[in-house]
Every structure is written in structure tokens, then in C-alpha cells.
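Participant: Quick check, what structure comes out for this input:
(chains A and B)
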Amino acid sequence: MSNRRINWYKYAAPANFYPLAGKMIPWFTVITIALFVVGLYVGFFVAPTDFQQGESYRIIFIHVPAAWMGMFLYVLMAVYAGVGWAFNARLASMMATAISTTGAIFTFISLVTGSLWGRPAWGVYWVWDARMTSTLILMFLYIGFISLQSSIDDPRRADRAGAVLALVGLINVPIIYFSVQWWNTLHQGATITARSFKMAPSMKWAMLILLAACWMYSIAVVLVRVRFIILEREREAPWLAEVAA
Amino acid sequence: MTAPSTLLMLRWLIWRDLILAWRRRADVLATLFFFVIVVSLFPLGIGPETQLLRKIAPGVVWVAALLASMLSLGRMFGNDYQDGTLEQLLLTPQPVYLVALGKAFAQWLVAEVPLVIIAPVLGVQFGLSENTLGVIALSLLIGTPVLSLIGSIGAALTLGLRAANVLVALLVLPLYIPVLIFGAGAVEASVEGIGARPYLLLLGATLILSLVFAPWATSAALKISVE
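Facilitator: Below you'll find the model as predicted:
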């Protein structure tokens, strides 16, 4: 094996991934904090007041990144779970389990902030439009995934059963994403498309920076959580005795 | 000795399930009576005002059908799992897809078709027109197989777990929501006088999709749970 090429597959073993994750976490934590500080500053102090909504629109800077993260993390979780099931790779399934909690939290945040935003903007806390309903279904899917995995004692059976559930629920994510195109209901249409940005530059920057901050946060938190999961599931392994000592 | 044809296996499986359900008629009838009672509770609780009842009838009938169908899901694989028949069924040369499909079909015949038949009769309690009663029956006829098929995924995932009944509800109800929206929407459209056809067509689409994909997911879940 050439000394210049890294054998990436070695990190599929929990024993090798555990120290790698440990080294990555501080970096991602620092980047997360920096991006959050910059993003929140731009979003709350630099971006101009909205013409129609005044200051209350600024919750969009939290709501939209949280909603995106909820959806993306579900897809990522389903992919990891599928990989863990197809290739019998238990670290991939551990990653899926680790992602599920963060994804559920982000989805919950997006539902709550959206509801809080709806009151001043539309006058109601909740409507049953297509996007809100399908995001609520996403929340239920996360909860179902987490409770299914926690109610099965055998870890490999729990991994595979969770994979089936996550993959079956994957159809919901395109429905959430395209629901504003397919149904003409309360949620506004797509503002950020591949071709144009229909909002002020500082608002766009705030949203993108906070989205990047949420991604970095997710990576850091998932890595911390997966390390705990590895400790729990591999507790009989000999390599663990040296590390934990 | 050659393996029996797939069609023969499917017929045998469905017939076996029907006979077993016949021997335990009480379970089946209990689900039906649950549906009847739940639907009848709403006019009692909300009051006899006809306009209001007509508005809530679609949702009430459909939600009660959902809950009744969920109650009967444990029966789909539970008994066979406990006495080891399920393991034998998974070992046959025929694809496990057939086991899932046959079981879902038998469960639909036993648990859901009585609902389809009795729902229009219950609709009379809500003061609905004959047209709407027909739409109730038709929407349930198209929608309840979807409930059985999607429910079979949940039933297969939660085989043998403690508190399986509650967990099945948690897993399966989010997946039921589109069916509920289309089915109740069809009846609502009929109550309001606009056509129910778009909703019924969408229900038909979900039926076709679930007919193709759900038994596949169920067979995967069965293999995982029986291991």
C-alpha cells in the first residue's frame, strides 16, 4: 500500500473512527461558534428592516436554516441507515442513530419558530397548509424512528428496523420541498432558486452564514453523540479498555 | 417434488388466514364494533345540529376507520410469529413479497371490508345525502387497502416487541396521514357538492404505489424481525 494514499475504509471501524472524530470535534466547535456569532450579528444588526413585516421577519434567519437542516438531516440519516443495512456496516447505523436526535431537534425548532413567526405575519399560529403538515409528519417520522430504535433490545435488529422506517419515510422530504410548488397555499413560494435570489444581499448572507453554522453545529454534535454511542455499543471491545483508561 | 406455483401459494395463504380469522370471529367483530361505537360517539358528544354533523362526518368516519384498522394490525403477523409459522413461511421458495401481499390482502378482507360495508349505514346518522354515502363507501374501498398495506410495514417492524401496539400506532399513523387527507377530502368535496373525483383518483394513485412498494418494505422488515 502506497504511503501517499490514505485507506479511507479503515475509518469504517469504530475503533479507528473514534479518535478521528475526537480530533475533528474541537475544530467544528470553533467554526460553529464563529459562524453563529457572525451570522446572528449580520441577521439582527446589519440586515435592513423589512418593508412589510418590520423587525419580526428576522426569525426567518433561524426558521429557514432549521427547516433545511431538518430535511437534509433526515435524508442523511436515511442514507446512513441504508448503507449500514446494505453493507452490514454498524458504524453507519450508529451515525444514523446519532443524526436522528439532532434532526428531530431542528425540525421541532422550525415548527416552533415558524409558528411564532406566523402570528405577527399572518395572524395565526398554525394553518394546515401542505408544507406545515408535511413538516409535522417529518417530526412524527423522527419520533417514530427514535422510539422504534429505543424499543428494540438487539442493536443490529434496531439498526435494520430503523433503516426500513427511515427509507419508507424518505418520500416525505421531496413532498415537503415541492409542496409550495404543487399546492397554492399559505407558505410563500421558493425565494432561493438555482437562478436568482429575491431578497436583499445582507439578508441572503445572514441566512447562508447561519445555514453554514447549523451544518457545522450538526457535524460537531453528531460526532460527539456517535462517540458516546460507540462507547456504549463497543464496550466489550479490547481497544476500548486502552482508550477509556 | 416441484415447488407449487406462486399463485397457488398466495391463494393458500389467503385462504388459511381467512379460516383462522373465521375461527376467531370475536376478534374481527370487536374491531367492527369499535368502529361503529367511535363513529356514533361523535354525534352524541357534539350535539344533533345537522349542519355541524355534516361538516365533521368525513373526518370522523375516516379517523375512526384509521384507528380501527390500526387495532387489527397486531393480528396480522403476531400469532404466526409466536408459533413459528412465520419463520417457516419465510423459508419457502416463493418470494417473501407474496407472504406480505397475501397477509395484507387477507387482513383487508377480514378487518376493512366490513368497515366499507357498514360506513354508509353509519353515515345516515350524520344526515348525509345518498351521493355522499356512496362516496364514503368508495373512498373507503380504495383507501382501506392502502391502510392494510402500510400497516403491514409497521406490524412487521414491531414484531414481538413489548408495547408493540402503541409503537405500531406511532410508526404507522404519520404514514397514514396522506390517505386520511385524500379520503376525508373526497367525502368533504361530496358534502360540499363539488366533485370527489380528484381526491378519489389521488387515493387510487396511493393504492397503486403502496400495492407495489409496501409488500417489498414489509418483506424486508419481516426478514429483519424474524432473524
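
Participant: Quick check: which helices or strands does whichever strand or helix holds A:Trp85 pack against?
Facilitator: Assessed by DSSP states H and E, A:Trp85 sits inside helix A:60-86. On a contact count with 3 or more CB pairs under 8 Å, 6 or more residues apart in numbering or on different chains; DSSP states H and E, helix A:60-86 meets helix A:90-122, helix A:130-151, helix A:155-169, helix A:172-182, helix A:201-233. (Glycine included, C-beta is placed from N, CA and C.)

Participant: next structured bit after the last one?
Facilitator: Tracing the chain C-terminally past helix A:201-233 and defining elements by DSSP H and E, one meets helix A:238-244 next.

Participant: how far away is the closest residue to chain B within chain A from B:Pro178?
Facilitator: Closest contact between chain A and chain B, by CB to the nearest CB, is at A:Phe140 (3.7 Å). With the distance defined as CB to CB, to the nearest Å, A:Phe140 ends up 12 Å from B:Pro178.

Participant: related to what we said a few turns ago, residues in contact with the residue of chain A closest to chain B?
Facilitator: Applying CB atoms under 8 Å, 6 or more residues apart in numbering or on different chains to A:Phe140 gives the contacts B:Leu170, B:Leu173, B:Pro174.

Participant: Of those, which are in range of chain A?
Facilitator: B:Leu170, B:Leu173, B:Pro174 (CB under 8 Å from any CB of the partner chain).

Participant: And those, which is closest to A:Ala66?
Facilitator: B:Pro174 (19.6 Å; CB to CB).

Participant: ok, the closest one touching A:Phe145?
Facilitator: No - the criterion here is CB atoms under 8 Å, and B:Pro174 misses it with A:Phe145 at 10.4 Å.

Participant: what sits in contact with each of those two?
Facilitator: A:Gly169.

Participant: Which residue of the two possesses the greater neighbour count?
Facilitator: Under the neighbour definition other CB atoms under 10 Å in any protein chain shown, B:Pro174 and A:Phe145 were set side by side, and A:Phe145 has more, 29 against 20.

Participant: Using TSV, lay out the ones next to chain A among the contacts of A:Phe140 together with secondary structure, pLDDT and distance to A:Leu210.
Facilitator: Output for the ones next to chain A among the contacts of A:Phe140, formatted as TSV (DSSP: H, G, I helix; E, B strand; the rest coil; pLDDT from 0 to 100; distance: CB to CB, whole Å):
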residue	secondary structure	pLDDT	distance to A:Leu210
B:Leu170	helix	90	32
B:Leu173	helix	90	33
B:Pro174	helix	90	28
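
Participant: between these, which is closest to chain A?
Facilitator: B:Pro174 (3.7 Å).

Participant: Do you have the strands of chain B handy? List them.
Facilitator: Assigned by DSSP state E, chain B shows no strands.

Participant: What is the burial count for B:Gly193?
Facilitator: 9.

Participant: ok, now B:Phe182?
Facilitator: There are 23 residues near B:Phe182, going by other CB under 10 Å.

Participant: again with the one 3 residues further on
Facilitator: By the measure other CB under 10 Å, the count of residues near B:Gly185 is 20.

Participant: before we move on, back to that, of all the helices and strands packed on helix A:60-86, which lies closest to B:Gln107?
Facilitator: That would be helix A:155-169 among those, by CB to CB, at 18.4 Å.

Participant: Just the C-alphas of that closest one, formatted as CSV.
Facilitator: The C-alpha trace of helix A:155-169 is given here as CSV (Å, rounded to 0.1, in the frame of the first residue of the first chain):
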residue,chain,number,x,y,z
PRO,A,155,-28.8,-3.4,18.4
ARG,A,156,-28.4,-4.8,15.0
ARG,A,157,-32.1,-5.5,14.7
ALA,A,158,-32.8,-2.0,15.9
ASP,A,159,-30.4,-0.6,13.2
ARG,A,160,-32.1,-2.5,10.4
ALA,A,161,-35.6,-1.8,11.5
GLY,A,162,-34.8,1.9,11.8
ALA,A,163,-33.3,1.7,8.3
VAL,A,164,-36.6,0.3,6.9
LEU,A,165,-38.6,3.0,8.6
ALA,A,166,-36.2,5.8,7.6
LEU,A,167,-36.2,4.7,3.9
VAL,A,168,-40.0,4.4,3.8
GLY,A,169,-40.4,7.9,5.2
